[in-house]
Structure formats: C-alpha cells, structure tokens
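3D, please:
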Amino acid sequence: MSRRLPPPTEENLKAYAMRYLARFAASEARLRTLLARRADKAAAEHGIEDAMPEAAIANVLADMRRLGFVDDRLFAEARARSLNQRGQPPRMIRARLSRQGVDTDTIDGALERLADDLEGDPERVAAIALARRRRLGPFAVPDRRAERRERDLAIMARAGYGYEVATSVIDAATPEALLAEEP
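Sure, this is the predicted structure:
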C-alpha cells in the first residue's frame, strides 16, 4: 500500500522543498520543476483539477532563496568544482549545468571561478583527474601501457578531451612527471 501525498498546498510544497534540499543540491529551475510535478501528482491523487497556481510555487522558491537554500551561483560553482575533480572537461561541465537549468552567465562565472581556484588549466587538471581515476597513461600498470595507449586515448576522447590534451596526459612518462609539467 502506498502512502498518499498531502494536498498540494503552499505549506506542503515548502515542506517538500526543504526535505529535498536537505538531501540534494539543486538549481532553482530544477526545484521549480520538482515542485510543479509534485503539485500535479498530489492534485491528481486528491481529485483537484487545478493543482497550484504558479504564484504559490514562486512564493516557495522565493522563500528558499531568502533562506539561502537555493542559490544558482553557489550551486554552479560547487558542481563545477566537483565535476572537474571527477575528470569532466569545462565544456561538459557547461553542458551539464545548462541541462540543470543554470543560466549562461552563472555558468560562465562558475567556470571562471574554477579556473582562478585551480593551479593550471581546468581542462588539463580534469584530464589528469580522469587518468588517475581510470588508471590511464602514467597511472596504468607499466608493463601494459604501450598496448593500451590507443584504448586510453579513446577513453579520453569519449570524455570530451581534444587530441593535444589527451596525448600530453596519456604519453607522460610517470605520474610525477605529469604533475610537474607546466601546462
């Protein structure tokens, strides 16, 4: 037996938004979509024709902004940093943030902040992180490196790296030499 959703009131949607944001970071656009979906589903369960006016969802979003629970700039900066550390190049970070509803100016600011915070080129730093995580190039088992070079380059290409960055990372002699190189 499934639980029934509470009626789609502004108060219930605010409680839902707070529970969601306590567990996950979200952009304002993502939260707006979740709230609208939740209101529609709750309205359908309760037989209400008009789920929630957009004004009520806008009020909940304004409360979340005022309380500091939703801030697209902070969300974009944190997400950009996290994705870069996982090996995502800046163009892939841009695409992911855009899909999450973050506007172009905010994305640009987040990527600029990322470049300022990192030592070196963000794309190269991310490529090294990916190589380390996937054990590619200088991070691979030494006796099988030569036979895996093409495979490693293909992995880097599928991740969105250009040939120059991919070869500079994959062809580095050792991890120490890679990390010591100037970008």
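
Give me the helices and strands touching the worst-scoring helix or strand of the chain on mean pLDDT, please.
Sorting the helices and strands of the chain by mean pLDDT, DSSP states H and E puts helix 175-180 at the bottom, at a mean of 85. Where contact means 3 or more Cβ pairs under 8 Å, 6 or more residues apart in numbering; DSSP states H and E, helix 175-180 is packed against helix 122-134. The C-beta positions use only the backbone N, C-alpha and C, and glycine is treated the same way.

just checking, what packs against the helix it packs on?
Checking 3+ Cβ pairs under 8 Å, 6+ apart, helix 122-134 ends up next to helix 72-85, helix 90-99, helix 104-117, helix 145-158, helix 163-170, helix 175-180.

mean confidence score for the fifth one?
Right, helix 163-170. Helix 163-170 carries an average pLDDT of 95.

And for the biggest helix by length in the chain, what's in contact with it?
Scanning the chain for the longest helix, with DSSP state H as the assignment, gives helix 28-46. Applying Cβ atoms under 8 Å, 6 or more residues apart in numbering, the external contacts of helix 28-46 come out as 4-8, 12-13, 16-17, 20-21, 26, 48-52, 56-57, 60-61, 64-65, 70, 72, 100-102.

if we go to 7 Å?
Identification of contacts with helix 28-46 by Cβ atoms under 7 Å, 6 or more residues apart in numbering yields 4-8, 13, 16-17, 20, 51-52, 57, 60-61, 64, 70, 72, 100-101.

circling back to that earlier point, weakest of the helices and strands packed on helix 122-134 by average pLDDT?
The weakest mean pLDDT among the helices and strands packed on helix 122-134 belongs to helix 175-180, with a mean of 85.

can you give me how far it is from the chain middle?
Here the centre of helix 175-180 is set off from its chain's centre by 27 Å, with Cα atoms, centre = their mean, to the nearest Å.

Now list the buried members of the contacts of helix 28-46.
For the contacts of helix 28-46, a burial check counting by 16 or more other Cβ atoms under 10 Å picks out 5, 8, 13, 16-17, 20, 51-52, 57, 60-61, 64, 70, 72, 100-101.
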